[in-house]
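Chemist: pasting the sequence and the predicted model now:
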Amino acid sequence: MTPITTIEMHTGGEPVRIITGGWPEVDGAGILDKRRFARDHQDHLRKLVIFEPRGHFDMYAALPVEPDLPGCDMGVLFLHNEGYSTMCGHAVIALGRFAVDHGIIPAVAPLTHLTIQCPCGPVAVEVEVAIHGDDVQSGAVRFTSVPSFAPVLDAQVEVEGFGRVTLDIGYGGAFYAILPAQALGLTLDAPLRDLVEAATRVTEATAKAIPLSHPDDPDLAFLYGTILTDGIAPGPERASRNICVFAAREVDRSPTGSGVSARMAIATARGLRPGTLCRFESVTGAVFTGETMEETVAGAHRAWTVRVGGRAYYTGSAEFLLEEGDELGRGFLL
């Protein structure tokens, strides 16, 4: 096979494997068409770069593709252990630095602006940049979400092993069930396996109990995961801690960029004043900021754009091969 090359990064401890070469062309007129094509015709390559022995259960990757919307500087598909995300804030933060550092867009100090077309829609990105002669240094990144909204507040869902719990559903490029860990008899300091099991049961129960829809495309209308919080509502006083369990029981090490957008939409629907800068902390101690910007609509839903900020770092680069006869090398998970 043609070697697949990558740039390795992390945002808040969450890996971002950016695929830079060796992946065949992804056909499709639009970004969701490309997502479907990759799922239907190139999924063996997702398994090769995400699964063991090159990756692991919680690996995450970004595949740059040609954008189809005017004004977009790059497009991207997101890959994880189950399939293909519609939005990924931690990867967008990493891609902002990557685009500046690898000349995809010209570097401009003090802020370089670009637009990344994600499966959920175009996302505006700004990258802090310092230029000293020929030396270009990229730094913190902020992105502005697609319209984020709170379609369901205070829903009652029967969850196996936990009984009836109250939760919200928020959308920030993907749909999440959101509730305090305390509602499940847990804290965020509980053993990780207990948090993962509880969040997975919430996702499964909520997906069965509450049908979802999105005004843009049916491919966006699915419950991506569950976010357990410390019960502290977003606000300016202190960071609100959370853990996101998404896809096939995958744990986000970062505060979850699309989750921050969803949580801010819920908080704003409940009365948080737009423009309030809030902080969100993950299980690694990493912090993202969130700020509700402009009110808008998403179909019949009252919605807001949310600006999310964080920092990504480089960890290396790789060239992945598959030798003839190496069946395990095609990818497996334990």
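Modeler: That came in fine, so what should we check first? Residues are numbered from 1 along each chain as shown.

Chemist: what residues sit buried inside stretch 107-118?
Modeler: Neighbour counts over stretch 107-118 (16 or more other Cβ atoms under 10 Å) mark 107, 112, 114-118 as buried. (C-beta placed from N, C-alpha, C; glycine too.)

Chemist: out of these, which one sits closest to residue 128?
Modeler: Distance to residue 128, by Cβ to Cβ, is smallest for residue 112 among these, at 8.2 Å.

Chemist: okay, which residue is most central for the chain?
Modeler: Central residue of the chain (Cα atoms, centre = their mean): residue 88, 2.2 Å from the mean position.

Chemist: isn't residue 17 up against residue 8?
Modeler: Yes: Residue 17 is within contact range of residue 8, at 6.0 Å (criterion: Cβ atoms under 8 Å).

Chemist: between the two, tell me which one has more neighbours.
Modeler: Set residue 17 next to residue 8 and count neighbours by other Cβ atoms under 10 Å: residue 17 wins out with 26 against 16.

Chemist: count the residues that sit near the closest residue to that one other than its chain neighbours.
Modeler: Of all residues not flanking residue 17 in the chain, residue 61 sits nearest, at 4.0 Å (Cβ to Cβ, 6 or more residues apart in numbering). If you count neighbours by other Cβ under 10 Å, residue 61 ends up with 22.

Chemist: got a list of what residue 61 touches?
Modeler: Taking Cβ atoms under 8 Å, 6 or more residues apart in numbering as the contact definition, residue 61 lies against 6, 16-19, 46, 49-50, 55, 78-80.

Chemist: narrow the residues you listed to those that are buried.
Modeler: Members of these classed as buried by 16+ other Cβ under 10 Å are 6, 16-19, 46, 49-50, 55, 78-80.

Chemist: need the CA coordinates for stretch 118-134. CSV is fine.
Modeler: Written as CSV, here are the backbone C-alpha positions of stretch 118-134 (Å, rounded to 0.1, in the frame of the first residue of the first chain):
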residue,chain,number,x,y,z
CYS,A,118,-16.7,20.6,8.7
PRO,A,119,-19.5,18.1,8.0
CYS,A,120,-21.8,20.2,10.2
GLY,A,121,-21.0,23.4,8.2
PRO,A,122,-18.4,26.1,7.9
VAL,A,123,-16.5,27.1,11.1
ALA,A,124,-14.6,30.4,11.4
VAL,A,125,-11.2,30.0,13.0
GLU,A,126,-8.7,32.6,14.3
VAL,A,127,-5.1,31.7,15.2
GLU,A,128,-2.8,33.9,17.3
VAL,A,129,0.4,34.5,15.3
ALA,A,130,3.7,36.2,16.0
ILE,A,131,6.1,36.9,13.1
HIS,A,132,9.7,37.7,13.7
GLY,A,133,11.5,38.0,10.3
ASP,A,134,11.1,34.6,8.7
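
Chemist: which parts of that stretch are buried?
Modeler: For stretch 118-134, by 16+ other Cβ under 10 Å, it's 118-129.

Chemist: check stretch 304-318 too.
Modeler: Buried, per 16+ other Cβ under 10 Å, within stretch 304-318: 304-312.

Chemist: can you give me the end-to-end span of it?
Modeler: Stretch 304-318 has an end-to-end distance of 39 Å (Cα to Cα, to the nearest Å).

Chemist: report the mean confidence score over the helix ranked longest in the chain.
Modeler: Identified as the longest helix of the chain according to DSSP state H is helix 192-209. For helix 192-209, mean pLDDT is 98.

Chemist: show me what it packs onto, helices and strands only.
Modeler: strand 148-159, strand 163-171, strand 175-180, strand 223-229, strand 240-246 (3 or more Cβ pairs under 8 Å, 6 or more residues apart in numbering; DSSP states H and E).

Chemist: now those as a markdown table including mean pLDDT, distance to residue 316 and mean neighbour count?
Modeler: Listed next are these as a markdown table, based on pLDDT from 0 to 100; distance: least, Cβ to Cβ, whole Å; neighbours: other Cβ atoms under 10 Å:
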| stretch | mean pLDDT | distance to residue 316 | mean neighbour count |
| --- | --- | --- | --- |
| strand 148-159 | 98 | 33 | 19 |
| strand 163-171 | 98 | 34 | 20 |
| strand 175-180 | 98 | 31 | 25 |
| strand 223-229 | 98 | 28 | 26 |
| strand 240-246 | 98 | 25 | 25 |
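
Chemist: can you tell which of these is closest to residue 317?
Modeler: strand 240-246 (26.3 Å).

Chemist: elements contacting the closest one?
Modeler: Short answer (3+ Cβ pairs under 8 Å, 6+ apart): strand 240-246 packs on helix 192-209, strand 223-229, strand 250-251, helix 257-269, strand 278-281.
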